[in-house]
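Trainee: below are the sequence and a predicted model for it; my questions follow.
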Amino acid sequence: MYNPPQFREDRPELLAEIIRAARLALLVSAAADGSVPEATHLPMTLVPGEGPHGTLYGHVAKANPQWRGLAAAGAARAIFTGPEAYVSPSLYPSKQEHGRVVPTWNYVAVHAIGPVEVVEDATRLHAIVSRLTEQHEAPRDTPWAVADAPDDFVASQLKGIVGIVLRIETLIGKRKLSQNRPEPDRTGVLAGLSASAEPADRAVAEAMRAG
């Protein structure tokens, strides 16, 4: 990921927060046949304290060919996208001064890279699925649990998936939030996005305020 110094984000606690808030990852890895990389959208759970930057757990369908490539390549990249918004030149006061402005896009992203393990053991798969379920059911008034389903049904479902364990060795964070613009332009972007009817725009404004 191209990441100029002014946009780099290295604070571990903030990178973990971005990963958790993104919820859905894009897992990218080399194809088994050496062709273009393969990619799968999947939820992944971050467990801190396991390895340099934590460990990501998820699963894919056994019918998905990517997992065989993962087993061969031994490494992968998980991409998490945070808030993003189009930035119009009309939000810059400098547009009125000299007109030398162009549109851009503000966004937040984290790339997690490291060795990956494919899991087919039923006991470990059950733990991966249970942890992921607990994370996303927790906010509900009456959380559903894997144990709510019949054991034989759960066992049959586990046969159709493989687990993915990515131990993060490299963590790259990017927060492109108008840091490269003069302060009046940055203030104009913040005001414009804050007043937008689009929730995604307002989320970027909130990220800008957070610093």
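Mentor: Sure, I can see it.
Trainee: tell me the pLDDT at Val110?
Mentor: On pLDDT, Val110 comes in at 98.
Trainee: correct me, but it touches Ile168?
Mentor: No: contact criterion Cβ atoms under 8 Å: Val110 and Ile168 do not qualify, at 9.9 Å. For the C-beta atoms, the positions are set from N, CA and C on the backbone; glycine is no exception.
Trainee: may I ask which helix or strand of the chain has the lowest mean pLDDT?
Mentor: Least confident helix or strand of the chain, by mean pLDDT, DSSP states H and E, is helix 94-97 with a mean of 80.
Trainee: counting by contacts, list what the helix or strand following that one packs against.
Mentor: The element immediately downstream of helix 94-97 (helix or strand, assigned by DSSP states H and E) is strand 104-119. Judged by 3 or more Cβ pairs under 8 Å, 6 or more residues apart in numbering; DSSP states H and E, strand 104-119 is in contact with helix 12-22, helix 66-73, strand 75-87, strand 161-167, strand 170-176, helix 199-210.
Trainee: who does strand 104-119 pair up with?
Mentor: Partners of strand 104-119 in the sheet, by DSSP bridges, are strand 75-87 (antiparallel), strand 161-167 (antiparallel), strand 170-176 (antiparallel).
Trainee: so which of the helices and strands packed on strand 104-119 gets nearest Ala127?
Mentor: strand 161-167 (8.7 Å; Cβ to Cβ).
Trainee: quick one: the closest one to helix 66-73, angle?
Mentor: 40 degrees (axes from the mean of the first three to the mean of the last three Cα atoms, to 10 degrees).
Trainee: how far does strand 161-167 sit from its chain's centre?
Mentor: How far strand 161-167 lies from its chain's middle: 16 Å, per Cα atoms, centre = their mean, to the nearest Å.
Trainee: can you show me the CA trace of that strand as PDB?
Mentor: Extracted in PDB, the C-alpha atoms of strand 161-167 (Å, rounded to 0.1, in the frame of the first residue of the first chain):
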ATOM      1  CA  ILE A 161     -15.500 -24.800   6.000                       C
ATOM      2  CA  VAL A 162     -11.800 -24.400   6.700                       C
ATOM      3  CA  GLY A 163     -10.300 -22.100   9.300                       C
ATOM      4  CA  ILE A 164      -7.800 -19.300   8.600                       C
ATOM      5  CA  VAL A 165      -5.300 -18.200  11.200                       C
ATOM      6  CA  LEU A 166      -3.200 -15.200  10.200                       C
ATOM      7  CA  ARG A 167      -0.400 -14.200  12.700                       C
END
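Trainee: who touches it?
Mentor: Strand 161-167 is contacted from outside by 27, 42, 44, 50-51, 55-62, 67, 70, 76, 78, 112, 114-120, 124-125, 128-129, using Cβ atoms under 8 Å, 6 or more residues apart in numbering.
Trainee: repeat for stretch 11-27
Mentor: Residues outside stretch 11-27 that contact it (Cβ under 8 Å, 6+ apart) are 9, 39-44, 46, 48, 53-54, 56, 58, 60, 66, 76-82, 108-110, 112, 136, 164, 166, 171, 173.
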